[in-house]
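>>> got a structure for you, letters missing:
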């Protein structure tokens, strides 16, 4: 999925585009964690091109996720994590 990391600067790369940062903190994300996500997102926005989220369909209950883009030398750079639907 193509994305623009500039659209995630206030909430962090791993949030849903429509998430509200205040609600995220109220739901258990610490202010410090939110700030770390914001810092990583800022770097990704400034240093990468062709931003993307690599994900699997909801049919896969356990799957990796990659948030990233392409560096100026053409290398793919990303942050990898996993998701689990319970």
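That came through fine. Keep in mind that what you see is a predicted model, and the values were worked out from it rather than measured.
>>> quick one: contacts for residue 67?
Counting by C-beta atoms under 8 Å, 6 or more residues apart in numbering, residue 67 touches 13-14, 44, 52-54, 78-79, 81. All C-beta spots, glycine's among them, are computed from the backbone N, C-alpha and C.
>>> just checking: what are the partner strands of the helix or strand hosting it?
Per DSSP states H and E, residue 67 falls inside strand 62-70. Strand pairing for strand 62-70, determined by DSSP bridges: strand 49-54 (antiparallel), strand 76-84 (antiparallel).
>>> most tightly packed of those?
strand 49-54 (a mean of 15; mean count of other C-beta atoms under 10 Å).
>>> other residues contacting that strand?
1-5, 44-45, 64-72, 78.
>>> can you pull the contacts of residue 16?
Contacts of residue 16 (C-beta under 8 Å, 6+ apart): none.
>>> can you check residue 58 too?
Counting by C-beta under 8 Å, 6+ apart, residue 58 touches residue 85.
>>> next, it: phi, psi?
Dihedral pair for residue 58: phi -70, psi -10, per degrees, to the nearest 10.
>>> how far off centre is the top helix by length along the chain?
Ranked by residue count under DSSP state H, the longest helix found in the chain is helix 31-47. Offset of helix 31-47 from its chain centre (C-alpha atoms, centre = their mean, to the nearest Å): 9 Å.
>>> ok so, going back, closest to residue 30 among the contacts of residue 67?
residue 14 (14.2 Å; C-beta to C-beta).
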